[in-house]
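Engineer: Structure for this input, please:
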Amino acid sequence: MNRSIIFLLLFSICTAISGQNSQYDAPFQLENYNFVLGINSFPTKYQFTKDSKLIEQAKQTRALGSNIFKTTISEKTLKNYGLKPSDAYEIMDVIDLIPDYDKVFDMDFKYYFFWVHTTTGIKWKKGISKKQEKTLYNEMFDFTSYLLKKHNNSGKTFFIGNWEGDWLLHGEGGRNKTPSKEDVENMTKWFQIRQRAIADAKAKTKSKNVSLYYYIEVNLAVKGMEGKTCIAQDILPNVDVDFVSYSSYESSKKKDYEANRESMTKVLNYIEGQLKPKEGLPFKRRVFIGEYGGHAFEDRPETNLKQFDNAKDIMQISLEEDLPFTLYWQLYNNEYTEDGKSKNMSLINEKGEKRPMYYLHQNYYKQVNEYLKNYRVEHKEYPGYEDFKKEALNILEGVYKEIRTELLTSLN
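Structural biologist: From the prediction side, this is the model:
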């Protein structure tokens, strides 16, 4: 039998996910603790249920066992609901037009991450006038206030940020370009407006036991280490941002664990060193991994092993380095070759089959959650972070070895 067929037999569900909501796995009750390792859950071309794409992604993420949900709130989302970008003038219009967002907010995720740019039509690269500055400020102030009021005393934490910022600055794929001084200044101003609006809304909104933070996502930090123009070097030191998300492909796809660790720790430490000091933040570190992952192909089974090993390396390094979050790209695949072949950057593929990365995350969540529950019952409190980290690393190693053994069997 063809090795790729054997691989799929070993790691697929007996039947693909059907179009019925009842096919979602029954999730276990989540402990109130940061599992650190999460995924991105952005709607893509395919889906399997009668739910909207947003709701399906949320339910699949929750069924996986994650207490972290990351998606986007933008005018592009309107298209999935048969609406036009012109129907929304600010982010709160998107929330009002798409009630599914409130349904997702009301689910029992503990941490929410959103790419939120603007639906005002204002283009920061063209410069931001005083009138436009007020519009952008109000948009973010209103959205922040809404989340804090609606989810007062919920225990939830929200993170508002952007997609890979260096592509916004350079132009997508423009790694070797040098952004103009005007573009750097305009982006800096855009980030400053958003951070100030969020800080002001938090200060003026009466709420408790709910948190919200602003982050900037970078993806070309190595350029900064080389003294070249990028967000990390030229913008981060000038914005009073809460956190930085690192889309880490430039440093997280090395040949083995040691190479990845050396590469990533250098970049992560560099990014953190660019930040203004800030008190009162809830985690040991202020930089997290917003994206990581790799390609795999059905006709090249060895690429699945490489993808799996690399992901485990990044998960392990993230826990060892005390990163607050590390988010895998992603639940459903959104990347294809020129001839239409899936690059399998997914936990669930186009056929509805759950891939090895799905089971790595699912088993990690189940065992971490069980550990936390038992600890809480026995000690009447949760473990300190160092105890949690030690146990989480042990769980990750055990789950990884078990699934990798099956993977190797499929390749022999």
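Engineer: Does anything pack onto the longest helix seen in the chain? Which helices or strands?
Structural biologist: Ranked by residue count under DSSP state H, the longest helix found in the chain is helix 385-411. In terms of contacts (3 or more Cβ pairs under 8 Å, 6 or more residues apart in numbering; DSSP states H and E), helix 385-411 is packed against helix 3-11, helix 301-320, helix 356-379. In short, each C-beta sits where N, CA and C put it, glycine included.
Engineer: These into JSON lines, with extra columns for mean pLDDT and mean neighbour count?
Structural biologist: Output for those, formatted as JSON lines (pLDDT from 0 to 100; neighbours: other Cβ atoms under 10 Å):
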{"stretch": "helix 3-11", "mean pLDDT": "46", "mean neighbour count": "16"}
{"stretch": "helix 301-320", "mean pLDDT": "96", "mean neighbour count": "20"}
{"stretch": "helix 356-379", "mean pLDDT": "97", "mean neighbour count": "18"}
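Engineer: To Leu83, which of these lies closest?
Structural biologist: helix 356-379 (31.8 Å; Cβ to Cβ).
Engineer: Strands of the stretch 51-200 of the chain, residue ranges please.
Structural biologist: Ranges of strands in the stretch 51-200 of the chain, per DSSP state E, counting those that start in this stretch, are 68-73, 111-116, 157-161.
Engineer: possible to save those as CSV with mean pLDDT?
Structural biologist: Listed next are these as CSV, based on pLDDT from 0 to 100:
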stretch, mean pLDDT
strand 68-73, 97
strand 111-116, 98
strand 157-161, 98
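Engineer: got these as JSON lines, with distance to Glu133 and mean neighbour count columns?
Structural biologist: Formatted as JSON lines, the strands of the stretch 51-200 of the chain follow (distance: least, Cβ to Cβ, whole Å; neighbours: other Cβ atoms under 10 Å):
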{"stretch": "strand 68-73", "distance to Glu133": "21", "mean neighbour count": "22"}
{"stretch": "strand 111-116", "distance to Glu133": "17", "mean neighbour count": "22"}
{"stretch": "strand 157-161", "distance to Glu133": "18", "mean neighbour count": "22"}
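Engineer: of all these, which lies closest to Val241?
Structural biologist: For these, the distance to Val241 is smallest for strand 157-161, at 9.0 Å, taking Cβ to Cβ.
Engineer: Let me have the closest one in PDB, keeping just the CA atoms, if that works.
Structural biologist: Extracted in PDB, the C-alpha atoms of strand 157-161 (Å, rounded to 0.1, in the frame of the first residue of the first chain):
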ATOM      1  CA  THR A 157      -8.600  38.400  28.700                       C
ATOM      2  CA  PHE A 158      -8.700  40.100  25.300                       C
ATOM      3  CA  PHE A 159      -5.800  40.900  23.100                       C
ATOM      4  CA  ILE A 160      -6.200  43.300  20.200                       C
ATOM      5  CA  GLY A 161      -3.500  43.600  17.500                       C
END
